[in-house]
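Asks: sequence and predicted model, in that order:
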Amino acid sequence: MRLEHRISLAGELFRQARRPRREHAPVKDGRRRILAIRLDRIGDFALYLPFAAALRRAFPPESCHITLLGNTLWMPLARRMLDFDRFIELDPQRFLTDAVLRRTLLDEVAAMRCDLLLQPRFHRELLLEDLIAMAAAAPESLAFSGTTRHIRKRRLLRPWNRPYGRLLDAAPLHDAHELVKNRCFLDSAAPGGEPVPNPWRKRPPLPAALAGLAGCTVILPGGGTPGLSWPAAGFGALAAQASRRGLPVAVAGTKAERETAENRKTCLFFRRKQVILFQLYGEESPASA
């Protein structure tokens, strides 16, 4: 990040820390105002989707107005699949580098005067969700505690934790699956809610363009954050295990991830009849090796 962007973010952080706290006046229709923030990428959103639907059932539209502040990458899907009252798109990279957009969004969030803020992302980004939580200044708020890649010492996290009224202990869930983390967060936000069905039980039909992948084990070895990506050798071992069980393997990725997907450690155990697929975001058409 360039120096001027860092200075601008520091100034915005100082401004939010000094923002006067206002009383949360009731809205005209009397409904409770809820702001849910989810700014991670499309894979995490796919795992969060059934829990977002359960959140709507726990906070019905008759009594609650839910606004979803989400990543531009998957917001068109959210609009079609979720029954929330309002959707706000945000490009996280632009939020970090565009001072005008950042100021406009934070002022809009502050003007909402939301009653409850939910921040279910396990690995918090201090200058994204936490800065937005400062602007919201909700009387009730929920997030995971001490889970950030930027600050290791808990005492340094205290200023960033202040916007949250409740913090869930992240330590027991550090190595848990994302579905388990989402379940824990939903149970804390809406205790006594109905069970969320396993999203993997029902398999939707594949699009015609991907019909050849029926029965395949699809592996995506790339990742948006290199530090959180699994080593290629791990994917190779996973492919080997699937192969020994007689399952064909497909490797999927973006054009930028082709080198990772074609890494010898990833593809070491692939046979001639198995498929290597590169088709995400329309960058390339399917091709088999």
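Replies: Alright, I've got the coordinates. Numbering: from 1, shown residues only.

Asks: let me know the pLDDT of the nearest residue to residue 144 once chain neighbours are set aside.
Replies: Counting by C-beta to C-beta, 6 or more residues apart in numbering, residue 144 lies nearest to residue 170, which is 4.5 Å off, once chain neighbours are set aside. Where you see a C-beta, it was placed from the backbone N, CA and C, and this is true even at glycine. In this prediction, residue 170 carries a pLDDT score of 84.

Asks: residue 170 contacts residue 145, doesn't it?
Replies: Yes. Residue 170 is within contact range of residue 145, at 5.3 Å (criterion: C-beta atoms under 8 Å).

Asks: so these two - more neighbours on which side?
Replies: Per other C-beta atoms under 10 Å, whichever of residue 170 and residue 145 has more neighbours is residue 170, with 19 against 16.

Asks: just the helices in the stretch 101-250 of the chain please.
Replies: Counting by DSSP state H, counting those that start in this stretch, the stretch 101-250 of the chain has helices at residues 131-136, 158-161, 178-189, 232-244.

Asks: and the residue nearest to residue 144, how far from residue 195?
Replies: Shown here: residue 170 relative to residue 195, a distance of 23 Å by C-beta to C-beta, to the nearest Å.

Asks: what's the answer for residue 33, then?
Replies: With C-beta to C-beta as the criterion, residue 33 and residue 195 are 27 Å apart.

Asks: so what does the closest residue to residue 86 other than its chain neighbours have for phi and psi?
Replies: Nearest non-adjacent residue to residue 86, counting by C-beta to C-beta, 6+ apart: residue 67, 4.3 Å away. Dihedral pair for residue 67: phi -110, psi 130, per degrees, to the nearest 10.

Asks: buried ones in stretch 240-252?
Replies: Buried residues in stretch 240-252, counted by 16 or more other C-beta atoms under 10 Å: 242-243, 248-252.

Asks: low pLDDT regions in the stretch 1-150 of the chain?
Replies: Per-residue confidence for the stretch 1-150 of the chain (pLDDT under 70) gives these ranges: 1-29, 146-150.

Asks: how about the strands in it?
Replies: Secondary structure of the stretch 1-150 of the chain (DSSP state E, counting those that start in this stretch): strands at 32-38, 64-71, 86-90, 116-119, 140-144.

Asks: coming back round to it: mean pLDDT for the helices of the stretch 101-250 of the chain: which is lowest?
Replies: Mean pLDDT, when computed for each of the helices of the stretch 101-250 of the chain, is lowest for helix 158-161, at a mean of 73.

Asks: now flag whichever of the buried residues of stretch 240-252 is closest to residue 110.
Replies: Nearest to residue 110 among those: residue 252, at 40.6 Å, using C-beta to C-beta.
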